[in-house]
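K.L.:
pasting the sequence and the predicted model now:
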Amino acid sequence: MPLQSLLAYIQIYHQLSAEAVCAIEDNFEKILLSKNDFLLQEGKICKHLYFLEAGAVRGFYNVDGKEVTHWFGFEDTFVTSFHSFITQKPALENMQLLEGCVLWKIEKSKLETLCDAYHEVERLLRKAYENYYIKLEERYVNAQFRTATERYQALLTTTPHILSRVPLGMIASYLGVSQETLSRVRSGGR
């Protein structure tokens, strides 16, 4: 069934009318992409919101010639460059696939039309934005007030599968530590 995982995910947050379900099915497009493909590159405007059905994605910035990872996305979540998507200004970040992915995408204009036509879709979009904001605040608190060991433990608690799916260098970058520090933390040292 098309969009089965997206619709199941949505139903967790809010029950949809049959009309809204049909409208969602008519406006989301399935795409299959390969590992290392980009959903977005810095300097381009993000025109889509994506639902990640299968696979893994990361968001990263290029800072002084280094890639700095600032988020990961895994199955059953919405991913986009929220700032670029909302403002329709060029993105500062890149979105790259860490695995082959199955995604469902919707253009911003189509999403806005759905929100205008169906109050429950607008509510779902608000929930997606709220979830993003909560993750952003948690990330800020982790970076400002937790040790490298605490950040690593929190990451393992929220995404225990990350070590088998993401290279350690990207995890270290996400945690704001060197690979050497991450290796020490993983081995129980300080």
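P.N.:
Structure's in. What do you need? Nothing here was measured: the structure is a model prediction, and the numbers come from that model. Numbers count the residues shown, from 1 in each chain.

K.L.:
residue 62 belongs to a strand, doesn't it?
P.N.:
Yes: counting by DSSP: H, G, I helix; E, B strand; the rest coil, one finds residue 62 located in a strand.

K.L.:
bridged to it, which residues?
P.N.:
residue 67 (DSSP bridges).

K.L.:
what helix or strand is residue 185 located in?
P.N.:
According to DSSP states H and E, residue 185 maps onto helix 179-186.

K.L.:
restricting to C-alpha, output that helix in PDB.
P.N.:
Taking C-alpha atoms only, helix 179-186 is exported to PDB below (Å, rounded to 0.1, in the frame of the first residue of the first chain):
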ATOM      1  CA  GLN A 179      37.500  10.700  17.200                       C
ATOM      2  CA  GLU A 180      40.200  10.100  19.800                       C
ATOM      3  CA  THR A 181      37.900  11.500  22.600                       C
ATOM      4  CA  LEU A 182      35.000   9.400  21.300                       C
ATOM      5  CA  SER A 183      37.300   6.300  21.400                       C
ATOM      6  CA  ARG A 184      38.200   7.100  25.000                       C
ATOM      7  CA  VAL A 185      34.600   7.600  26.000                       C
ATOM      8  CA  ARG A 186      33.600   4.400  24.300                       C
END
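
K.L.:
what comes up buried for it?
P.N.:
By neighbour count on 16 or more other CB atoms under 10 Å, the buried set for helix 179-186 is 181, 182, 185. Where you see a C-beta, it was placed from the backbone N, CA and C, and this is true even at glycine.
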